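>>> What follows is a predicted protein model with its sequence.
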Amino acid sequence: MNNFPWGEKEQAEFQKEAEEFSEKYDNKLSEIKDEREIAVKEIKKRLFDSVKRFLTLILVVMLILSLVSPLFSSIF
């Protein structure tokens, strides 16, 4: 027995709309996940590049100081 206040046609239309909505939702969700993965990869890349530049800068400064330090000690 059908307990719903609408008929078979309305049920079929409702089911079709529900499936379309579900499909659109799933597609949008997968797009969001893809965009998130791309953003995370980009952030990791930028962070790695920043850390690499920072460490390179520190090494260069240490090298310069190690080369300049004997000059100052010989002057004074």
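Sure thing, it's come through.

>>> what's the helix or strand for Lys28?
Element membership for Lys28, per DSSP states H and E: helix 8-75.

>>> Identify the residues contacting the spatially most central residue of the chain.
The chain has Val40 as the residue nearest its centroid, 2.2 Å off, counting by Cα atoms, centre = their mean. If you count contacts by Cβ atoms under 8 Å, 6 or more residues apart in numbering, Val40 has none. The way it works is simple: take the backbone N, C-alpha and C, and place the C-beta from them, glycine included.

>>> quick one: it from Lys16, how far?
36 Å (Cβ to Cβ, to the nearest Å).

>>> same question, Leu63
Per Cβ to Cβ, Leu63 is found 70 Å from Lys16.

>>> can you check Lys52 too?
Distance from Lys52 to Lys16, by Cβ to Cβ: 54 Å.

>>> got it, and Leu29?
20 Å.

>>> again with Ser66
Counting by Cβ to Cβ, the gap from Ser66 to Lys16 is 75 Å.
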